[in-house]
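[1] Give the three-dimensional model of this entry:
(one chain, ligands or ions: 1)
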Amino acid sequence: MSSSTVLIVGQGLAGTLVARACERRGREFMIVDAGHAGAASRVGAGIINPITGRRLVKTAGVEADLPVALAAYRDWEAVLGRPVLTELAVRRRWVSAEEREAARERLRKGLLAPYVDPAAFTDEGVVIAPAWRVDTAGLIAGARERWLAAGRLREGVVARAEVAGWSGPVVWCDGAGGRAHGLPLTVAAGALATVRAPELPRDEIWNRGGRWLMPSAADGDEALVGAVYSHDEYIDTAAARAELAAMAAELTGLGEAAPEPIEVRMGLRMMGADRRPLSGWFPGREGREGCLNGLGSKGALWAPRLAEEWTERL
Ligand SMILES: Cc1cc2nc3c(=O)[nH]c(=O)nc-3n(C[C@H](O)[C@H](O)[C@H](O)COP(=O)(O)OP(=O)(O)OC[C@H]3O[C@@H](n4cnc5c(N)ncnc54)[C@H](O)[C@@H]3O)c2cc1C
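    Sure, this is the predicted structure:
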């Protein structure tokens, strides 16, 4: 290990992508992770949907972020030899006539192009395409195995004081752990569930009123439904399960006939101030220590470009 080896703390999606960007550029790195407990990347749905929100807004910067994100996940597919990225279409149903008419106005102004084909805009809903699902859990598990075998990943918890003696730059990609650095981060505990949804086409996400139902794999009849959030570190499992069951019943249209959730998963999602990610050197520690965090609900889209920017900084 050289005196300029980059130390990456945390191997969720952010740390994995920073490490891979270093690897591709031949920059030496070491990564340490506490074991993915509570990692958002182990739980999150990994949806990249270019048009979201109650008002159907195109995600700011999507044109610049998307090609970088798709290239990064394709690169991982080549490294791991299995799929990471799945292209899907979002079939969104209106919750009200107001929502529909506001969206129609945005469509008329060209604000939803190229993701909404006017022919796919109806009185019932709209189709947003393409969208993607990134298998973030599979990606971080595969990367972990690879770097453990290569001696580049160590399991353990790193304390801030411990890195003082590290001679190279340190990048904290520690998700919920980032609160220890006094960063302006807000935490939300999020839950989603696996359910049976045989009627859901394997290439669609069904979406209504901020809730979604998505195939969990290319085959089979299992789907993920979500998500429920508590703006707290704690989420009541029984209440989350009941809420997710109700979402599945509504989205599948099965009502009371809908089967119970098979499994409920929970993780901590970190959001930066103004819903923007935190990426850069810590003040006063330029060139020595910084972070990539606060990726909120757009980690799958944002992390690849921010990881590339990190390797340019290093
Ligand atoms: C229910 C839910 C649904 C979501 N759905 C989506 C979605 O559809 N689309 C989307 O883009 N995003 C979604 N997200 C958000 C997305 O998952 C996150 O933006 C992203 O995974 C964050 O990655 P990260 O690497 O910053 O953090 P994490 O994945 O939390 O990783 C942090 C890592 O740091 C390690 N760590 C922490 N402290 C230390 C320490 N001191 N020493 C060593 N290791 C440490 C942890 O073990 C962990 O592995 C969702 C999140 C949740 C919870």
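[2] and the longest helix anywhere in the chain, anywhere near the ligand?
    In the chain, assigned by DSSP state H, the helix with the most residues is helix 62-80. No: Helix 62-80 stays clear of the ligand (Cβ under 6 Å from any ligand atom), getting no nearer than 9.5 Å. Bear in mind the C-beta positions are built from the backbone N, C-alpha and C, glycine included.
[3] Contacts for that helix, please.
    Contact with helix 62-80 is made by 17, 20, 24, 48, 50, 59, 83-85, 132, 134, 138-139, 142-143, 146, 300-305, 307-308, as judged by Cβ atoms under 8 Å, 6 or more residues apart in numbering.
[4] Tell me which of those fall in strands.
    Ile48, Leu85, Trp132, Val134 (DSSP state E).
[5] picking that back up, which positions within the longest helix of the chain qualify as buried?
    Neighbour counts over helix 62-80 (16 or more other Cβ atoms under 10 Å) mark Val62, Asp65, Leu66, Val68, Ala69, Leu70, Ala72, Tyr73, Asp75, Trp76, Val79, Leu80 as buried.
[6] Just give me the closest of those residues to Val171.
    For the buried residues of helix 62-80, the closest approach to Val171 (Cβ to Cβ) belongs to Ala72, at 16.4 Å.
[7] Next up, the contacts around the residue nearest to Leu17 when sequence neighbours are not counted.
    Distances taken as Cβ to Cβ, 6 or more residues apart in numbering place Ala307 nearest to Leu17, at 3.6 Å, with adjacent residues excluded. Shown in contact with Ala307 (Cβ under 8 Å, 6+ apart): Ala14, Leu17, Val18, Arg20, Ala21, Ala72, Leu292.
[8] Could you measure from the last one over to the ligand?
    The gap separating Leu292 from the ligand is 7 Å, by Cβ to the nearest ligand atom, to the nearest Å.
[9] Bridging across strands, which residues link to that residue?
    Per DSSP bridges, the residues bridged to Leu292 are Ser279.
[10] which residue ranges form the helices in the chain?
    13-24, 40-43, 62-80, 97-108, 136-149, 237-252, 299-313.
[11] any idea which of these is most buried?
    Of all these, helix 13-24 has the most neighbours on average by mean count of other Cβ atoms under 10 Å, namely a mean of 25.
[12] who's in contact with that helix?
    Outside helix 13-24, the residues within contact range by Cβ under 8 Å, 6+ apart are 6, 8-9, 11, 28-29, 31, 33, 40-41, 72, 75-76, 79, 136, 139-140, 143, 147, 152, 171, 173-175, 292-293, 295, 299-300, 303-304, 306-308, 310-311, 314.
[13] can I get the CA coordinates of that helix in CSV?
    C-alpha atoms of helix 13-24 as CSV (Å, rounded to 0.1, in the frame of the first residue of the first chain):
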residue,chain,number,x,y,z
LEU,A,13,-23.5,1.9,-3.2
ALA,A,14,-21.5,5.1,-2.7
GLY,A,15,-18.3,3.5,-1.5
THR,A,16,-18.6,0.7,-4.0
LEU,A,17,-18.8,3.1,-6.9
VAL,A,18,-16.0,5.4,-5.6
ALA,A,19,-13.8,2.3,-5.2
ARG,A,20,-14.6,1.0,-8.7
ALA,A,21,-13.9,4.4,-10.2
CYS,A,22,-10.5,4.3,-8.4
GLU,A,23,-9.9,0.8,-9.6
ARG,A,24,-10.6,1.6,-13.2
